[in-house]
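Q: sequence first, predicted coordinates after that:
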Amino acid sequence: MNAVAIEARGLGKRYGRSWALRDCSLSIPGGHIVGLVGPNGAGKTTFLSMAVGLSTPTAGEVRLLGAHRAGSPDALDMVAFVAQDAALYRNLTVSDMLRVGRSLNRRWDERTAQDRLAELGIPLDRRVGALSGGQRAQVALSLALAKRPGLLVLDEPLAALDPLARHEFMSSLMAAVAEDGVSVVFSSHVVAELERVCDYLVVLQDGRVQVSGGVEDLTAEHHVLVGPADQADEVAALLPVVRERRAHAQAHLLVRCAEGFPVPPGWQHHPVTLEEIVLTYMREPAAAALPGPKAVAR
Ligand SMILES: Nc1ncnc2c1ncn2[C@@H]1O[C@H](COP(=O)(O)OP(=O)(O)OP(=O)(O)O)[C@@H](O)[C@H]1O
C-alpha cells in the first residue's frame, strides 16, 4: 500500500469565529505508522474527523489512499476509525459488536477478528461494559481491523490505558500492520511511545502543520550543538536554530540541517531523539519546520 494515505490541500475547519484547523496542506505517504502530535487544542481530532468523513471541511479538501474524497462511499469503505474513548455499546456483548460490524460493513473478516480476540483471551460473551479499558481498546482495534481497511485512523487510543495495556495495544497494532500492510495514523500525547512505533511524524500547533516528515529523516536532520554561550549568536547566524537554551557559560542549540554539516570549532555535536524533537517543536510554537526561526530560552 504505497499510495498517498492522506492528502490535505488548504484544509480548514472553523467553529463560529475561530479556526480549529487552518491552511493545512500535507501529503502523508502510505505504508507508514504516522504519529500525529500537538498540544491540547492543536486540531488533531478536528483533522482526523475530517479525514475519516465524520465532519466536513469549511475550506479545502482531504483525500484518502490516492484519490478518494474523505466521506465518499469508497473512502468510507477503505478507512477504519478508532475514536478517543473506543466508542462501543457497553450493554452489548463482544459477539453482538461483531454482528453489528458484520451488518454495517461490506468487507468483513470475522474469522480474523475472532482469532484475535481469542488470542487476547477476551470472551465473546462478555458485555463490553464489563471489560477493562485495555480490553475495550483491543475490541475496538479488532473491529477496526476486521474491516480490512487500507487506512486505520486512531484518535488517542492510549489515553485511558495503563503503561502495560498501552504497550500491549501498540505491539498488537504493529503486528497487525506488519501482517496487513495497512497505513496507520494515530494521535497521541504519549510522546515516549512514538519513537518505538512511528516511522512518520506530523506535529500540529495551533491549527497548523508545524512539522511533517519521516522519522529517520527528521532525526538525521536535527542535531544538538553545545558550546560557549558567547559564540552562540555567531553560530545561530550560520545555522537554522529551532531552539536555543543558555545555562551559565554554555549554550545548547537544536539545529536543523543536513548530516555532515561543519560543526563549529570548540562545539560538541550530539544526535537527538524523536522525543526531544517533538518536545522542542511543541515548546516553540513559532518554530517552523524549515529552516526554523530562532527562539531563545534562558
Ligand atoms: N465542536 C466544536 N465546537 C467548537 N469548537 C471546537 C469544536 N471542536 C473543537 N473545537 C475547538 O477547535 C480547536 C481544536 O480542537 P481539537 O479537539 O481538534 O484539538 P486536539 O488537538 O484534538 O486537542 P486534544 O489534544 O485536547 O484532544 C480547539 O480550540 C477546540 O476548542
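A: All right, it came through fine.

Q: for stretch 77-88, C-alpha coordinates in PDB please.
A: Coordinates of each C-alpha in stretch 77-88 appear next as PDB, following Å, rounded to 0.1, in the frame of the first residue of the first chain:
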ATOM      1  CA  ASP A  77     -15.100   1.500   2.800                       C
ATOM      2  CA  MET A  78     -11.400   1.800   3.000                       C
ATOM      3  CA  VAL A  79     -10.900   3.600   6.300                       C
ATOM      4  CA  ALA A  80     -11.400   2.400   9.800                       C
ATOM      5  CA  PHE A  81     -11.600   4.700  12.800                       C
ATOM      6  CA  VAL A  82     -11.000   4.000  16.500                       C
ATOM      7  CA  ALA A  83     -12.300   7.000  18.400                       C
ATOM      8  CA  GLN A  84     -10.800   8.600  21.500                       C
ATOM      9  CA  ASP A  85     -12.900   6.600  24.000                       C
ATOM     10  CA  ALA A  86     -13.100   3.400  22.000                       C
ATOM     11  CA  ALA A  87     -16.800   4.200  21.400                       C
ATOM     12  CA  LEU A  88     -18.600   0.800  21.800                       C
END
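
Q: any idea how far it is from the chain center?
A: 15 Å (C-alpha atoms, centre = their mean, to the nearest Å).

Q: the lengthiest helix in the chain packs against which elements?
A: Determined from DSSP state H, the single longest helix within the chain is helix 163-180. Packing partners of helix 163-180 (3 or more C-beta pairs under 8 Å, 6 or more residues apart in numbering; DSSP states H and E): strand 33-37, helix 133-146, strand 183-187, helix 191-197. For glycine as for every other residue, the C-beta is placed from the backbone atoms N, C-alpha and C.

Q: which residues does the residue lying farthest from the centre of the chain contact?
A: Residue farthest from the centre of the chain, counting by C-alpha atoms, centre = their mean, is Asp230 at 38.4 Å. For Asp230, the contacting residues are Ala249, by C-beta atoms under 8 Å, 6 or more residues apart in numbering.

Q: so which of the helices and strands packed on helix 163-180 is nearest the ligand?
A: Nearest to the ligand among these is strand 183-187; the distance by C-beta to the nearest ligand atom comes to 6.5 Å.

Q: so what strands line up beside the closest one?
A: strand 33-37 (parallel), strand 151-155 (parallel) (DSSP bridges).

Q: hmm, the last one in reach of the ligand?
A: Yep, that's strand 151-155 we're talking about. No. Strand 151-155 is not in contact with the ligand by C-beta under 6 Å from any ligand atom; minimum separation 7.4 Å.

Q: what comes into contact with that strand?
A: Against strand 151-155 from outside (C-beta under 8 Å, 6+ apart): 5-6, 30, 44-45, 48, 51-52, 64-65, 78-84, 141, 144-145, 173, 177, 182-187.

Q: report the buried members of these.
A: The neighbour-count test (16 or more other C-beta atoms under 10 Å) marks 5-6, 30, 44-45, 48, 51-52, 64-65, 78-83, 141, 144-145, 173, 177, 182-187 as buried among those.

Q: now the helices for the stretch 1-150 of the chain?
A: In the stretch 1-150 of the chain, the segments counted as helices under DSSP state H, counting those that start in this stretch are 44-51, 73-78, 94-104, 110-119, 133-146.

Q: as a markdown table, the ones you listed with mean pLDDT would be great.
A: A markdown table is the format used below for these (pLDDT from 0 to 100):
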| stretch | mean pLDDT |
| --- | --- |
| helix 44-51 | 95 |
| helix 73-78 | 89 |
| helix 94-104 | 92 |
| helix 110-119 | 90 |
| helix 133-146 | 89 |
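
Q: format those as CSV; extra columns: distance to Arg127.
A: Converted to CSV, the helices of the stretch 1-150 of the chain look like this (distance: least, C-beta to C-beta, whole Å):
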stretch, distance to Arg127
helix 44-51, 28
helix 73-78, 28
helix 94-104, 8
helix 110-119, 14
helix 133-146, 11
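
Q: please identify which of these is closest to the ligand.
A: Closest approach to the ligand among the helices of the stretch 1-150 of the chain (C-beta to the nearest ligand atom): helix 44-51, 3.3 Å.

Q: in its sheet, what does the helix or strand hosting Val224 sit against?
A: Taking DSSP states H and E as the definition, Val224 sits inside strand 222-228. Partners of strand 222-228 in the sheet, by DSSP bridges, are strand 250-256 (antiparallel), strand 268-271 (antiparallel).

Q: using neighbour counts, pick out the buried residues of the first one.
A: It stands for strand 250-256. 251-256.

Q: rewinding a little: how is the residue farthest from the centre of the chain assigned, secondary-structure-wise?
A: Going by DSSP: H, G, I helix; E, B strand; the rest coil, the secondary structure assigned to Asp230 is helix.
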